[in-house]
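Peer 1: attaching a predicted model along with its sequence, questions to come.
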Amino acid sequence: MFSKTNFLQYLQCPKLAWTVYNIPNMFTAPDPSTEQRMLEGKVVEEYARKLFPSITLIDHSQPLDEVITQSNDALNYSSSPICNALLSANDLIAETDILVPVEDEYDLYEVKASTKEKPEHIPDIAFQKYVAVVRGLRIRKCHLILLNNKYVRKGEINPKQLFKISDVCEGVSNYGELNDINAQVENALLICNQAQCPEIEIGLQCTDDCPLRNTCWREVNKFKHNIFDLYRMPTKRAVGWYKQGIIGVEEIPKDYPLTKLQKIQVKTEKTGETYVDKKAINEFINRLKYPLYFLDFETFSSPIPLIDGSSPYQTIPFQFSLHVIEKDLAEDPKHYSWIWDAEGDPRLELLERLQSLLGNKGSILAYHSPFEMMILKQAVKAFPKYQKWLGKILERFVDLLQPFRAFSIYHPAQKGSCSLKDVLPALTGKDYSALEIQDGGQASRAFMGILNGEVDDKQAILANLEIYCGQDTMAMIEILRKMKTLTTL
């Protein structure tokens, strides 16, 4: 049957929709990041149900036919709000989050684990309404339930304050009329039921997480350095070049408009040599004041605030790593670390520990320092007694990302990226591949697993978190040492 997911995939790319519809086994299980979002979405839905008294909840652990039957029974006989009803009509199927009966009509509520309305939300609801109407239901109003980012937790979660409900009737109606949703659905069904997969050229519809990315981008990936990897290259322009047959950076005509930084990138990728602006790097290094503090935070964010004084999706620190070099970049650094034990408020612990470790002088280096500075500002907002200390600390921050973002140094292996995970191996040959935890998202998910009691090997995970975060600050030291070396060559 043709689902809401199939419809939204069709709107993005008919080739994707056809493939998922006809060859579902081609795709692997969701990656951990997607699984996490799905789990968070379910938790948000559970809280949203508390907005409605005496609900009828459809059990989706049953076979599909039984779920549809239970949904039909609820629609025929229940006078209470129905959650997760599965609507079926003419080879179409749509799961609705909440249907509230109002006499002989229904108000449709869609719950999203988001604080803002997104472009895909309206066609999502429009498809649900379309299937409901085809099935014979009368939809009186359509609503979107979103998280209220102004909500601050104080004790038990208050669902009425946690969510904001908006009337999207006009948007849904306008979408259906402007796009002729009946024709859209019919065309989507026609394409998905045809024998051959439609040929769709790569373009603006392509996303990094598309399961067909490697298949569709096979020709692009043949090039070690391609136009889509150019630093801050607008996707629309890159797609335009691609349609002209320009894919590899060596194919870019000399008269094509490139920024100063893109020209540096293209030159290094053609020659294979690292670009080094010795003057700029020396100026950066000479601004540093000892002792040097290399600082990195790991954080989590949850749609449902987990601690008092926090809001939906607020970034909360749970770990830091701090390497300290007293007098000479070549010396062995001292290492300090902290991981929240899930007791009390981690922001207060963070401030207490750092106040005792950061001293009164010396540069504090972070890779993309505005992030660490933001975390500290948010923590001090919750605990204002640290305001005076914070003012002095912020003045000492130095962003190690800055010389890379300015392309004062650029290695062709970076492929247009200035991220720590790309700069470290490009400059030093070292990477994160041997670590159990290899990026910040994985670290956050691992810690959330501990908080939610979903792990059996808590101590092993904590040890891996310690290693990973320590690698981030040690990576900054390795990069700075390499920068200094390159200025002497």
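Peer 2: Cool, got the structure. Numbers count the residues shown, from 1 in each chain.
Peer 1: am I right that residue 195 is in a helix?
Peer 2: No: using DSSP: H, G, I helix; E, B strand; the rest coil, the assignment for residue 195 is coil, not a helix.
Peer 1: what's around it, how many residues?
Peer 2: Neighbourhood size, residue 195 [other C-beta atoms under 10 Å]: 5. From N, CA and C alone the C-beta is placed, and that goes for glycine too.
Peer 1: state the distance from it to residue 95.
Peer 2: 29 Å (C-beta to C-beta, to the nearest Å).
Peer 1: ditto for residue 224
Peer 2: 44 Å.
Peer 1: can you check residue 170 too?
Peer 2: For residue 170, the distance to residue 95 equals 24 Å [C-beta to C-beta].
Peer 1: of the two, which one has the most company?
Peer 2: Taking neighbours as other C-beta under 10 Å, residue 170 and residue 95 compare with residue 95 leading, 17 against 10.
Peer 1: which ones are touching the more buried one?
Peer 2: Counting by C-beta atoms under 8 Å, 6 or more residues apart in numbering, residue 95 touches 4, 84-87.
Peer 1: for the chain, just list every one of the strands.
Peer 2: Here the chain has its strands, by DSSP state E, at 2-3, 56-57, 82-89, 92-102, 105-111, 139-147, 163-167, 275-276, 292-300, 316-325, 334-339, 364-366, 397-399, 409-410.
Peer 1: looking at those, which one is packed in the most?
Peer 2: strand 409-410 (a mean of 26; mean count of other C-beta atoms under 10 Å).
Peer 1: partners of it in the sheet?
Peer 2: In the sheet, strand 409-410 lines up against strand 275-276 (antiparallel) (DSSP bridges).
Peer 1: pLDDT on the partner strand, on average?
Peer 2: For strand 275-276, mean pLDDT rounds to 97.
Peer 1: can you check stretch 326-338 too?
Peer 2: The model assigns stretch 326-338 a mean pLDDT of 97.
Peer 1: pull the residues that contact it.
Peer 2: In contact with stretch 326-338 (C-beta under 8 Å, 6+ apart) are residues 290-292, 294, 319-325, 349-350, 353, 357, 466, 469-470, 473-474, 477, 480-481, 484.
Peer 1: what does stretch 405-417 give?
Peer 2: In this structure, residues lying in contact with stretch 405-417 by C-beta under 8 Å, 6+ apart are 225, 229-231, 233, 260-261, 264-265, 268-269, 272-277, 280-281, 284, 403-404, 418, 422-423, 425-427, 483, 486.
Peer 1: count of neighbours near residue 152?
Peer 2: When neighbours are defined as other C-beta under 10 Å, residue 152 has 15 of them.
Peer 1: please report how far the closest residue to it other than its chain neighbours lies from residue 162.
Peer 2: Among residues not flanking residue 152 along the chain, residue 311 sits closest, at 5.5 Å (C-beta to C-beta, 6 or more residues apart in numbering). Separation of residue 311 from residue 162 (C-beta to C-beta): 10 Å.
Peer 1: list residues touching both of these two?
Peer 2: Common neighbours of residue 311 and residue 162 (C-beta under 8 Å, 6+ apart) are residue 151.
Peer 1: stretch 354-365 spans what distance, first to last residue?
Peer 2: 14 Å (C-alpha to C-alpha, to the nearest Å).
Peer 1: let me fix that, I meant to ask about stretch 26-40.
Peer 2: First-to-last distance for stretch 26-40 - C-alpha to C-alpha - comes to 26 Å.
Peer 1: list the buried residues for it?
Peer 2: Judged by neighbour count (16 or more other C-beta atoms under 10 Å), stretch 26-40 contains these buried residues: 36, 40.
Peer 1: how far out from the middle of the chain is that stretch?
Peer 2: Computed by C-alpha atoms, centre = their mean, to the nearest Å, the chain-centroid distance of stretch 26-40 equals 13 Å.
Peer 1: got it, and stretch 444-455?
Peer 2: The answer for stretch 444-455 is 18 Å, by C-alpha atoms, centre = their mean.
Peer 1: domains in the chain, by residue range?
Peer 2: The chain resolves into domains spanning 2-192, 217-273, 279-486 when parsed by automatic domain parsing.
Peer 1: save those domains as a markdown table, and put in distance to residue 199 too.
Peer 2: As requested, those are exported to a markdown table (distance: least, C-beta to C-beta, whole Å):
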| stretch | distance to residue 199 |
| --- | --- |
| domain 2-192 | 7 |
| domain 217-273 | 13 |
| domain 279-486 | 28 |
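Peer 1: out of the ones you listed, the one nearest residue 205 is which?
Peer 2: The minimum distance between residue 205 and those falls on domain 2-192, with 4.7 Å, by C-beta to C-beta.
Peer 1: the closest one: end-to-end distance?
Peer 2: End to end - C-alpha to C-alpha - domain 2-192 spans 9 Å.
Peer 1: what sits up against stretch 351-363?
Peer 2: Stretch 351-363 is contacted by residues 287-293, 295, 320, 322, 324, 336, 338, 364, 376, 379-380, 383, 386, 389, 392-393, 396-398 when judged by C-beta under 8 Å, 6+ apart.
Peer 1: counting by contacts, list what the helix ranked longest in the chain packs against.
Peer 2: Counting by DSSP state H, the longest helix found in the chain is helix 458-486. Counting by 3 or more C-beta pairs under 8 Å, 6 or more residues apart in numbering; DSSP states H and E, the packing neighbours recorded for helix 458-486 are helix 278-286, strand 292-300, strand 316-325, strand 334-339, strand 364-366, helix 420-428, helix 440-451.
Peer 1: which one of those has the poorest average confidence?
Peer 2: With a mean of 94, helix 440-451 has the lowest mean pLDDT of those.
Peer 1: buried sites along that helix?
Peer 2: For helix 440-451, a neighbour-count test (16+ other C-beta under 10 Å) marks 440, 442-448, 450 as buried.
Peer 1: counting contacts, what elements does it pack onto?
Peer 2: Using 3+ C-beta pairs under 8 Å, 6+ apart: helix 440-451 touches helix 32-49, strand 292-300, strand 316-325, helix 458-486.
Peer 1: which pLDDT value belongs to residue 433?
Peer 2: 94.
Peer 1: residue 11 and residue 91, how far apart?
Peer 2: Separation of residue 11 from residue 91 (C-beta to C-beta) stands at 18 Å.
Peer 1: and for residue 69?
Peer 2: Distance, residue 69 to residue 91, using C-beta to C-beta: 17 Å.
Peer 1: ok, which of the domains of the chain comes nearest residue 202?
Peer 2: domain 217-273 (6.1 Å).
Peer 1: let me see the contact set for the residue nearest to residue 152.
Peer 2: By C-beta under 8 Å, 6+ apart, residue 311 lies in contact with 149-153, 305.
Peer 1: could you rerun that using 10 Å?
Peer 2: Going by C-beta atoms under 10 Å, 6 or more residues apart in numbering, residue 311 touches 115, 147-153, 162, 301, 305, 378.
Peer 1: ok, how many other residues are close to the nearest residue to residue 467 once chain neighbours are set aside?
Peer 2: Among residues not flanking residue 467 along the chain, residue 435 sits closest, at 6.1 Å (C-beta to C-beta, 6+ apart). Using other C-beta under 10 Å, residue 435 is surrounded by 13 other residues.
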